[in-house]
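>>> this one's sequence-less:
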Ligand code: 5AD
Ligand code: SF4
């Protein structure tokens, strides 16, 4: 451990899991004198936490590394150093290749090994000290999937605000044919129930009021409790709901196939479980769902939504969509539009299919031309935006419980989240910061609400 303060800059791409991982990397490095900074200039260590899920991920990483190389060389010219690390899913997928193509990189680590970061950093610091004027990086690579889970080696979490993420599950065994996650994040793993409860209690003790349980496939959660029972996500939520002071529970991202009865009934029973669910469907065409290896039909999805709405009539839905999957015809795309009409989403993410090397869909025939993908994406996004806008408008006049967890741009302004994840702007006294308050909704835009204290 070292007494002097060193500056750590982490750039995070991709999903909430990466946001969580970046937070944990900050926590692991804190005892070694690294404090977060918000720019790479002047940093003693820079981590880029990468995402591989869509688009030209590795090209983006290499162009960012090119920029960082310049900073690193400038610092060397000043007699200092900058440890450069690449983390996350691109690191996992391209490990050795990154060190070859960007030899000035010091550390490449996958999502399963960041608990070993202090050890890698110590090696990098020693190597830097012994080799002044070196041009190349230290070249440490660790992209293993260790048998011992990293969670056992992480320090206690530090809350930053009243809403926090808690990782309960990682990896995925579903092998949707378009997706890299099973290759980059590895097989499904659930943390033991007691570890999750302990982390939750620590966070709530630090003022956290809302927990979002994270997992690539969070509702496949199946953790063992201290008394040997196996709990699914619904039962885990029931346990969490007994923690005093924890007012809100969310979870993301779910797979329709793993949405079981116990989880559906938790939505009826637990007032803490927020009435908002991100449940990716990807397509409304059974033919495409089959080619995607999703393991459900459009009717299966709609039936689950109906049951969820019976459990909690207030439930609002969000989803992910892919347009232009190989072989998608106009009729298939129309089926997606029809599903959107039937379900009604309050928020959604939609993407053009992008072939990921190594996944089955990348080499399928009948790849859809770019202009067709673009036209379908615009049509789908117009429909989804209209639904979101209509939902936001329908909130005007309602009283909603809002967790005020951010300060706004203007004096006295705060921003919070409604139960349905809409950002709500309000002017409120400072002592309400971090609390859940009731707001009357008085205005709505396409993406946010305005509220007043009642
Ligand atoms: N092309 C386009 N979108 C993708 N997604 C995952 N892989 C791909 C891909 N190859 C989308 C899915 C998923 C979300 C996180 O990213 O919709 O649910
Ligand atoms: Fe990827 Fe499918 Fe697993 Fe989601 S369920 S992470 S889309 S393979």
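Sure, I can see it. This structure is a prediction, so every number in the text was calculated from the model and none was measured. Ligands and ions are numbered 1, 2, ... in the order given.

>>> which residues of the stretch 51-200 of the chain lie near ligand 2?
172, 174, 175, 176, 179, 181, 182 (C-beta under 6 Å from any ligand atom). Bear in mind the C-beta positions are built from the backbone N, C-alpha and C, glycine included.

>>> ok, for the third one, nearest residue in space, not its chain neighbours?
It refers to residue 175. residue 182 (5.1 Å; C-beta to C-beta, 6 or more residues apart in numbering).

>>> go ahead and confirm that neighbour touches residue 170.
No - look at residue 182 against residue 170 with C-beta atoms under 8 Å: they stay out of range, at 11.4 Å.

>>> returning to that earlier point: from residue 123, how far out is the residue nearest to residue 175?
Distance, residue 182 to residue 123, by C-beta to C-beta, to the nearest Å: 31 Å.

>>> of these two, who's got more company?
residue 182 (18 against 14; other C-beta atoms under 10 Å).

>>> minimum distance to ligand 1, which residue of the chain gives it?
residue 320 (3.3 Å; C-beta to the nearest ligand atom).

>>> now do the SS call for that residue.
What DSSP: H, G, I helix; E, B strand; the rest coil gives for residue 320 is strand.

>>> ok, and what's touching the longest helix anywhere in the chain?
For the chain, the longest helix by residue count, based on DSSP state H, is helix 370-394. With contacts defined as C-beta atoms under 8 Å, 6 or more residues apart in numbering, helix 370-394 is touched by 316, 321, 323-324, 328, 333, 336-337, 340-341, 344-348, 350-353, 420, 422, 444-449.

>>> low-confidence stretches in the protein?
For the chain, applying pLDDT under 70 flags the ranges 1-3, 129-136, 145-149.

>>> please enumerate the helices of it.
16-29, 57-77, 88-101, 117-130, 181-184, 193-205, 233-240, 261-269, 286-291, 298-311, 330-343, 370-394.

>>> the first one vs ligand 2: in contact?
No - interface with ligand 2: helix 16-29 contributes nothing (C-beta under 6 Å from any ligand atom), its closest point being 10.0 Å away.

>>> list the buried residues in that helix.
17, 18, 20, 21, 22, 23, 24, 25, 26, 28, 29 (16 or more other C-beta atoms under 10 Å).

>>> off-centre distance for it?
11 Å (C-alpha atoms, centre = their mean, to the nearest Å).

>>> identify the bridge partners of the nearest residue to residue 90 once chain neighbours are set aside.
Spatially, and ignoring its direct neighbours in sequence, residue 90 is nearest to residue 50 (3.7 Å; C-beta to C-beta, 6+ apart). Beta bridges link residue 50 to residue 88, judged by DSSP bridges.

>>> quick check, residue 72 in contact with residue 80.
No - Residue 72 lies out of contact with residue 80 (C-beta under 8 Å); the separation is 9.7 Å.

>>> show me which of these two is the more surrounded one.
residue 72 (23 against 12).

>>> got the contact list for the more buried one?
Contacts of residue 72 by C-beta under 8 Å, 6+ apart are 81, 82, 84, 104.

>>> for the last one, what are phi and psi?
Listed backbone geometry of residue 104 is phi -80, psi -10, with angles given as degrees, to the nearest 10.

>>> also the second one?
Note on residue 82: backbone dihedrals following degrees, to the nearest 10 are phi -140, psi 120.

>>> can you name the residues bridging to residue 224?
Beta-bridge partners, per DSSP bridges, of residue 224: residue 230.

>>> can you get me a residue count around it?
Considering only other C-beta under 10 Å, residue 224 is surrounded by 14 other residues.

>>> and for residue 357?
12.

>>> what does the stretch 351-454 of the chain put close to ligand 1?
Near ligand 1, when you scan the stretch 351-454 of the chain using C-beta under 6 Å from any ligand atom, you find 351, 353, 354, 356.

>>> between those, which is nearest ligand 2?
For these, the nearest to ligand 2 is residue 356 (10.0 Å; C-beta to the nearest ligand atom).

>>> which residues does that closest one contact?
52, 53, 54, 178, 179, 180, 362.

>>> number of nearby residues for the fifth one?
Which is residue 179. Residue 179 - counted by other C-beta under 10 Å - has 23 other residues nearby.

>>> my read: it touches residue 358, true?
No - Residue 179 is not in contact with residue 358 according to C-beta under 8 Å; the separation is 10.6 Å.

>>> in contact with the residue in the stretch 1-150 of the chain that ligand 2 sits nearest to, which residues?
Residue of the stretch 1-150 of the chain nearest ligand 2, by C-beta to the nearest ligand atom: residue 53 (8.0 Å). Taking C-beta under 8 Å, 6+ apart, we find residue 53 in contact with 14, 15, 89, 179, 180, 181, 356.

>>> and residue 365, by the same measure?
Contacts of residue 365 (C-beta under 8 Å, 6+ apart): 326, 327.

>>> who's in contact with whichever residue of the stretch 251-400 of the chain sits closest to ligand 2?
Ranking the residues of the stretch 251-400 of the chain by distance to ligand 2 (C-beta to the nearest ligand atom) places residue 255 first, at 4.9 Å. When contacts are counted by C-beta under 8 Å, 6+ apart, residue 255 touches 174, 217, 219, 220, 280.

>>> repeat that for residue 283.
289, 292, 294, 298, 321, 322, 325, 328, 332, 335, 336.

>>> I'd say the last one and residue 324 touch.
Right, the one you point to is residue 336. No - with contact defined as C-beta under 8 Å, residue 336 does not count as touching residue 324 (10.8 Å).

>>> which of these two has more neighbours?
More neighbours surround residue 336 than the other of residue 336 and residue 324, with 25 against 22 (other C-beta under 10 Å).

>>> report the contact partners of the more buried one.
By C-beta under 8 Å, 6+ apart, the residues touching residue 336 are 283, 284, 285, 321, 323, 380.
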